[in-house]
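Novice: dropping a prediction and its sequence here:
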Amino acid sequence: MTSDSFKPTLIRDREQPEWQVDGRALFIRPATHMPWQADVRVVEQDSWLVLGESSGLREDERPAWVQANQLESAPSYRPGSVIARAGQPPQLMMILYDLDQQPICQPHWVKQALSAVLDHAHDHDLSRLQIPLPGYQYGGLTAEAAFTLLLGELRAHRQKKPATILLALPDERLRQQLLSLLSEIEGC
């Protein structure tokens, strides 16, 4: 999974573990326990923007056939791309899923989207990035596969920004699984 040059370091002087990965702080926490607000929040989305909380679908009084026609005429986005949205905090939507293909998520799309997110954070001088485990929630990637993709892209993008990555997870069980995986890498 890693080369000799990649050694995450556990900093044990915090209430929650914080890892240093190639000079970046990596917090691994349940999404409900984020210590502070990020400069940008990354969310997962599909090519039609229908999944998740940043869905293009809203409660609508119009008949279903009208909504379906509107969705059908809407543009689709290329898997692997990233869409920026204003807000507090701003959002970056990683297009990781194509519901018209099987499997709906492919690792090279995740890598492309992660690369674009890290480039955007660097180019816009963003220090703190909150991101889910990419491809895990909807895409069928295992936690280890998704985490490996994330760590690989962090290694490939050695810029100074973002300096802090908040990996927002659905629950504590997954957090413990990833911390165990990092401990194996580190040999803790």
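Specialist: It's in. Predicted, not measured: the structure shown is a model, and the values here were computed from it.

Novice: centre of the chain versus the longest helix seen in the chain, how much separation?
Specialist: Taking DSSP state H as the criterion, the chain has its longest helix at helix 107-123. Mean C-alpha position of helix 107-123 versus that of the full chain (C-alpha atoms, centre = their mean, to the nearest Å) differs by 9 Å.

Novice: and it, what does it pack against?
Specialist: When contacts are defined as 3 or more C-beta pairs under 8 Å, 6 or more residues apart in numbering; DSSP states H and E, helix 107-123 packs onto strand 40-46, strand 82-85, strand 91-97, strand 128-132, helix 143-156. Every residue, glycine included, has its C-beta placed from N, CA and C.

Novice: who touches it?
Specialist: 39-40, 42, 79-82, 84, 92, 94-96, 98, 126, 129, 131, 134-135, 139, 141, 145-146, 149-150, 152-154, 156-157, 159-162 (C-beta atoms under 8 Å, 6 or more residues apart in numbering).

Novice: let's go with 6 Å and repeat that
Specialist: When contacts are defined by C-beta atoms under 6 Å, 6 or more residues apart in numbering, helix 107-123 is touched by residues 42, 79-80, 82, 92, 94, 96, 129, 134-135, 149, 153, 157, 159, 161-162.

Novice: and if you look at stretch 75-91?
Specialist: Contacts of stretch 75-91 (C-beta under 6 Å, 6+ apart): 37-38, 40-41, 43, 47-48, 92-95, 98, 109, 112-113, 116-117.

Novice: any quick PyMOL command for the buried ones out of these?
Specialist: Typed into PyMOL, the next command selects the buried ones out of the contacts of stretch 75-91 (criterion: 16 or more other C-beta atoms under 10 Å):
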select buried, resi 38+40+41+43+47+48+92+93+94+95+98+109+112+113+116+117
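
Novice: remind me which residues of the protein are low pLDDT?
Specialist: Applying pLDDT under 70 to the chain flags residues 1-18, 35, 52-60, 62, 64-74, 186-188.

Novice: how about a cut-off of 80?
Specialist: 1-23, 33-36, 52-75, 159-160, 185-188 (pLDDT under 80).

Novice: may I have the longest helix of the chain as CSV, with CA atoms only?
Specialist: Below are the C-alpha coordinates for helix 107-123, written out as CSV (Å, rounded to 0.1, in the frame of the first residue of the first chain):
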residue,chain,number,x,y,z
PRO,A,107,-11.3,4.1,-8.8
HIS,A,108,-9.9,6.2,-11.6
TRP,A,109,-12.8,8.7,-11.2
VAL,A,110,-12.1,8.9,-7.5
LYS,A,111,-8.4,9.6,-8.2
GLN,A,112,-9.3,12.3,-10.8
ALA,A,113,-11.8,14.0,-8.5
LEU,A,114,-9.4,13.9,-5.5
SER,A,115,-6.7,15.4,-7.7
ALA,A,116,-9.0,18.2,-8.8
VAL,A,117,-10.1,18.9,-5.2
LEU,A,118,-6.5,19.1,-3.9
ASP,A,119,-5.5,21.3,-6.9
HIS,A,120,-8.5,23.6,-6.2
ALA,A,121,-7.6,23.9,-2.5
HIS,A,122,-4.0,24.7,-3.4
ASP,A,123,-4.9,27.2,-6.1
